[in-house]
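Peer 1: Please find the sequence and the predicted model below.
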Amino acid sequence: MQIFGVDIGGSGIKGAPVDLDKGDLAQERCKVLTPHPATPDGVADGVKQVIDHFGWTGPVGLTFPGVVTGGATVRTAANVDKSWVDTDARTLFSDRLGGLPVTVVNDADAAGVAEMQFGAGQGRRGTVILLTFGTGIGSAVFMDGALVPNTELGHLELGGHDAETRASSKAKEDHDLSWERWAGRVQKYLAHVEMLFSPELFIIGGGVSRKADKFLHLIDGVRAEIVPAQLQNNAGIVGAAMRAAHDHAG
């Protein structure tokens, strides 16, 4: 079974049909740049461009980099245009895609669902936290496999700052940090999250997960196991498709 997944990020919009039996992309993904400013209309145009690239006409799952309630309404928009707040994203995207069935979910929650089903979280019980390091820091918290949605732990205060402004991969680039210095910031952030939630496992996702060998070994002082996401930066696409399949089964 194939369903289309789209991952909307602060820098790029990427998507592909997903083979839900394998938990992997069925075709090479298409990516377009996120418009700036990332307004609802601009992002919807980018999503349509990705969908049209494949000529897709079935259900679509989309991630959004912020809190999404009721499978439709955007409540926060830290890394996209503030005009997203209170937007009915499901209606916006469905209308732009000619009435296709649409599911919208928080981006890190989608990545987490995919990792728990097909990746590094398979079979893991207790508290598992996936953290995506990209333009910001996304989070997905699981207790015995059940998702606690819209946690947004990237906005915890760390040293008087929003954590994602200090420890995201964008912060690494903006401040031209070495892997060692950035890993030190990530370590402080993980220790803070661990103090609050006591997870058994941290899964590190986002684009930086492809370079886990450059920084994970530099992190110590954290008791939880720390592993890179197995689906890497495709986890959001896969998770979005999984949620759409659930919502539009049959």
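Peer 2: Noted; the coordinates are in hand. Residues are numbered from 1 along each chain as shown.
Peer 1: what is the rounded mean pLDDT of stretch 65-83?
Peer 2: The average pLDDT within stretch 65-83 is 94.
Peer 1: how about that stretch: buried residues?
Peer 2: For stretch 65-83, a neighbour-count test (16 or more other Cβ atoms under 10 Å) marks 65-68, 72-81 as buried. (Each C-beta comes from the backbone N, C-alpha and C, glycine too.)
Peer 1: So what touches stretch 42-56?
Peer 2: 4, 6, 8, 13-17, 27, 30-35, 60, 62, 80-81, 92-93, 96-97, 100 (Cβ atoms under 8 Å, 6 or more residues apart in numbering).
Peer 1: Pull out the buried positions in the helix or strand where residue 51 lies.
Peer 2: Secondary structure from DSSP states H and E places residue 51 in helix 40-54. By 16+ other Cβ under 10 Å, the buried positions in helix 40-54 come out as 40, 42, 43, 44, 46, 47, 48, 50, 51.
Peer 1: Nearest to residue 195 among those residues?
Peer 2: Using Cβ to Cβ, residue 43 comes nearest to residue 195 of those, at 35.5 Å.
Peer 1: May I see the buried residues of the top helix by length along the chain?
Peer 2: Secondary structure of the chain per DSSP state H: the longest helix is helix 179-197. By 16+ other Cβ under 10 Å, the buried positions in helix 179-197 come out as 182-194, 197.
Peer 1: I'd like these as CSV, with pLDDT appended.
Peer 2: Shown next, in CSV, are the buried residues of helix 179-197 (pLDDT from 0 to 100):
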residue, pLDDT
182, 97
183, 97
184, 97
185, 96
186, 97
187, 97
188, 97
189, 98
190, 98
191, 97
192, 97
193, 98
194, 98
197, 98
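Peer 1: circling back to that earlier point, what's the first helix or strand after the longest helix of the chain?
Peer 2: Taking DSSP H and E, what comes next after helix 179-197 is strand 201-205.
Peer 1: rewinding a little: which ones among the contacts of stretch 42-56 map onto strands?
Peer 2: 4, 6, 8, 13-17, 30-33, 60, 62 (DSSP state E).
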